[in-house]
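K.L.:
3D, please:
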Amino acid sequence: MKIVVIGGTGLIGSKLVKNLRERGHDARPASPNTGVNSITREGLAEAMDGAEVVVDVSNAPSWEDQAVLDFFETSTRNLLAAEAAAGVRHHVALSVVGSERLPANGYFRAKVAQENLIKASSIPYTVLRATQFFEFVGGIAQSATEGDEVRLSPALIQPMASDDVAAALTDVVLAAPANGTLEVAGPEAMPLDELIRRYFRATHDTRKVIPDVHARYFGDVLDDQSLTPLGSNPRLAPTRFEDWLARSTTPTQR
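P.N.:
Numbering: from 1, shown residues only. All right, here's what the predicted structure looks like:
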């Protein structure tokens, strides 16, 4: 089966392409690096030719509020139009758990807009919402740092490994369209401030983590439902944070 992965050269996309090829499918990474641009439509029609499934794991080059909204709306409209013309039978998109619950954040508003366009399309679809990745925990800490202190909400977060995101996506891609939204999360919910403490202990970081219920997470004040799945039956990934830390000598910073 020919499967086009938009954003297929990135963190999740490259893992997904590898997984699908190992299962015997013709997985094609599509990104500006491979001559396919979902904004300008360069190479888009050619990439879609003969594809049965299109997976969108692309990300915006800028997270400024209007820029990220423009990216996801323009890209998604172009993808859906090209898919309709090519007879694609399943559109899969990766989104974020809690997007509609964090309205002060322009990125999350843009993901909700993307989801709404997909749902309004005539193409059968599945949206997979994932929780935050372990790989970006360092970036969360950096965003909340003032001097030697890191002020973070004690609200619950349920992060997961990017490998597990790709594994969940692989199963979604090879299944029938859900025509709805699925959720995947890490195996353990924990307070956000405690997550960063665990990360600092493992990486020998001496910054002090201070719990603060008023601390904002990329613009929003959190509660225990903000970053955890609300669905009745989310898929729970197998990799625990400590196990990931033990094998990750250079976690990615964002």
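K.L.:
List the residues that contact the residue nearest to residue 104 when sequence neighbours are not counted.
P.N.:
Spatial nearest neighbour of residue 104, chain neighbours left out: residue 219 (4.1 Å); criterion: CB to CB, 6 or more residues apart in numbering. Where C-beta positions appear, they are placed from N, C-alpha and C, glycine not excepted. By CB atoms under 8 Å, 6 or more residues apart in numbering, the contact set of residue 219 is 102, 104-106.
K.L.:
all strands of this structure, in order?
P.N.:
2-6, 26-30, 53-56, 90-96, 125-130, 145-146, 149-152, 156-157, 180-185, 190-191, 208-211, 216-217, 220-221, 235-236 (DSSP state E).
K.L.:
As a markdown table, those strands with mean neighbour count would be great.
P.N.:
Formatted as a markdown table, the strands of the chain follow (neighbours: other CB atoms under 10 Å):
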| stretch | mean neighbour count |
| --- | --- |
| strand 2-6 | 25 |
| strand 26-30 | 21 |
| strand 53-56 | 28 |
| strand 90-96 | 23 |
| strand 125-130 | 23 |
| strand 145-146 | 12 |
| strand 149-152 | 20 |
| strand 156-157 | 24 |
| strand 180-185 | 20 |
| strand 190-191 | 16 |
| strand 208-211 | 16 |
| strand 216-217 | 19 |
| strand 220-221 | 16 |
| strand 235-236 | 17 |
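K.L.:
Take the ones you listed and write them to CSV, including mean pLDDT and distance to residue 64.
P.N.:
Formatted as CSV, the strands of the chain follow (pLDDT from 0 to 100; distance: least, CB to CB, whole Å):
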stretch, mean pLDDT, distance to residue 64
strand 2-6, 98, 21
strand 26-30, 97, 25
strand 53-56, 98, 21
strand 90-96, 98, 18
strand 125-130, 98, 23
strand 145-146, 94, 21
strand 149-152, 97, 24
strand 156-157, 97, 24
strand 180-185, 96, 26
strand 190-191, 98, 30
strand 208-211, 97, 28
strand 216-217, 94, 17
strand 220-221, 93, 17
strand 235-236, 96, 32
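K.L.:
hang on, isn't residue 133 packed against residue 162?
P.N.:
Yes - at 4.9 Å, residue 133 counts as touching residue 162 under the criterion of CB atoms under 8 Å.
K.L.:
Give me the residues contacting stretch 162-169.
P.N.:
11-12, 15-16, 19, 55, 57, 92, 94, 128, 130, 133-135, 184, 186, 235, 237-239.
K.L.:
Please repeat the previous calculation with a cut-off of 10 Å.
P.N.:
With contacts defined as CB atoms under 10 Å, 6 or more residues apart in numbering, stretch 162-169 is touched by 5, 11-20, 55, 57, 92-94, 126, 128, 130-131, 133-136, 160-161, 182-187, 235-239, 244, 252.
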